[in-house]
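Would you be able to build a 3D model of this:
(2 chains)
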Amino acid sequence: DVKVTQSSRYLVKRTGEKVFLECVQDMDHENMFWYRQDPGLGLRLIYFSYDVKMKEKGDIPEGYSVSREKKERFSLILESASTNQTSMYLCASTTLGRGGTQYFGPGTRLLVL
Amino acid sequence: DAKTTQPPSMDCAEGRAANLPCNHSTISGNEYVYWYRQIHSQGPQYIIHGLKNNETNEMASLIITEDRKSSTLILPHATLRDTAVYYCIVRVSYNQGGKLIFGQGTELSVKP
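Down below sits the predicted model:
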């Protein structure tokens, strides 16, 4: 079974704090993603990576950065957390090829006070 | 990516088959149909996907019409644990690394 794990299920941080969200997948997938999910807005892509040390901006990268030092690990960093970054964060990885399947982690619900 | 249309909600009796429809009339020839579900406060769970032919796995069956403009996800014997929001997605594999665009989905309530 494909497994995508995220470091925390729930997180509470204060405005201005630096926040690290970590994601690990065990299926040797090349592509990994960070989304955020908000009511009424669906899933929005923050960043994705198609290889170690490679990253591409998604649709809403402002206020975020990412790191991919190892193939299995993709980290999302909030340099200075703000209240509008309160959200559910979802990590995913995907098999390549036409019809590749994307698998999601359990999500991290972040509250920024 | 093609747009999908799903009913906002459906009910199903426990033990009966749940048939969830999806319209994707603008689908292109190389776009796959994917189904995911999301139980409250959890990450989306992959269910099944297909291109042209009907597909079946241990979770569900996917029926795609011959013209590929619509599909139906079938949960053969729904249980209370199948209560979730079900998303039908069509996409070309490599747009932004293969990102998925989730619509509003269908909220399925399985009732005893």
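
alpha carbons only for contacts and neighbour counts from here, please
OK.

SS state for B:Arg81?
Counting by DSSP: H, G, I helix; E, B strand; the rest coil, the backbone at B:Arg81 sits in helix.

quick one: the strands in chain A?
In chain A, the strands defined using DSSP state E lie at A:4-6, A:10-13, A:19-25, A:31-38, A:42-51, A:54-57, A:64-70, A:73-78, A:87-94, A:102-104, A:108-112.

Give the burial count for B:Ser61, as a bare number.
A total of 19 residues lie near B:Ser61 under the criterion other Cα atoms under 10 Å in any protein chain shown.

contacting residues for it?
B:Ser61 makes contacts with B:48, B:54-55, B:73-76, as judged by Cα atoms under 8 Å, 6 or more residues apart in numbering or on different chains.

Which of these fall in strands?
Checked against DSSP E, the contacts of B:Ser61 include these in strands: B:48, B:55, B:73-75.

ok so, going back, which one (most neighbours) among the contacts of B:Ser61?
When neighbours are counted by other Cα under 10 Å, B:Leu73 leads these with 24 neighbours.

can you pull the contacts of that residue?
So B:Leu73 contacts B:18-21, B:35, B:60-63 (Cα under 8 Å, 6+ apart).

Which one of those is nearest to chain A?
When the contacts of B:Leu73 are compared for distance to chain A (Cα to the nearest Cα), B:Trp35 comes out closest, at 10.4 Å.

and the closest one, bridged to which residues?
With DSSP bridges applied, B:Trp35 shows beta-bridge pairing to B:Ile48, B:Cys88.

these two touch, right, it and B:Leu75?
No: counting by Cα atoms under 8 Å, B:Trp35 stays clear of B:Leu75, with 11.7 Å between them.

Contact residues of chain A facing chain B?
Residues of chain A lying close to chain B (Cα under 8 Å from any Cα of the partner chain) are A:31, A:33, A:40, A:42-45, A:48-50, A:58, A:90, A:94, A:97-107.

which of the residues you listed count as buried?
Neighbour-count burial (16 or more other Cα atoms under 10 Å in any protein chain shown) applied to the residues of chain A next to chain B gives A:31, A:33, A:43-45, A:48-50, A:58, A:90, A:94, A:99, A:101-107.

circling back to that earlier point, possible to save the strands of chain A as JSON lines with mean pLDDT and distance to B:Arg81?
Compiled in JSON lines, the strands of chain A are given as follows (pLDDT from 0 to 100; distance: least, Cα to Cα, whole Å):
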{"stretch": "strand A:4-6", "mean pLDDT": "96", "distance to B:Arg81": "21"}
{"stretch": "strand A:10-13", "mean pLDDT": "97", "distance to B:Arg81": "23"}
{"stretch": "strand A:19-25", "mean pLDDT": "97", "distance to B:Arg81": "25"}
{"stretch": "strand A:31-38", "mean pLDDT": "95", "distance to B:Arg81": "22"}
{"stretch": "strand A:42-51", "mean pLDDT": "92", "distance to B:Arg81": "22"}
{"stretch": "strand A:54-57", "mean pLDDT": "93", "distance to B:Arg81": "36"}
{"stretch": "strand A:64-70", "mean pLDDT": "97", "distance to B:Arg81": "35"}
{"stretch": "strand A:73-78", "mean pLDDT": "97", "distance to B:Arg81": "31"}
{"stretch": "strand A:87-94", "mean pLDDT": "95", "distance to B:Arg81": "22"}
{"stretch": "strand A:102-104", "mean pLDDT": "93", "distance to B:Arg81": "19"}
{"stretch": "strand A:108-112", "mean pLDDT": "97", "distance to B:Arg81": "22"}
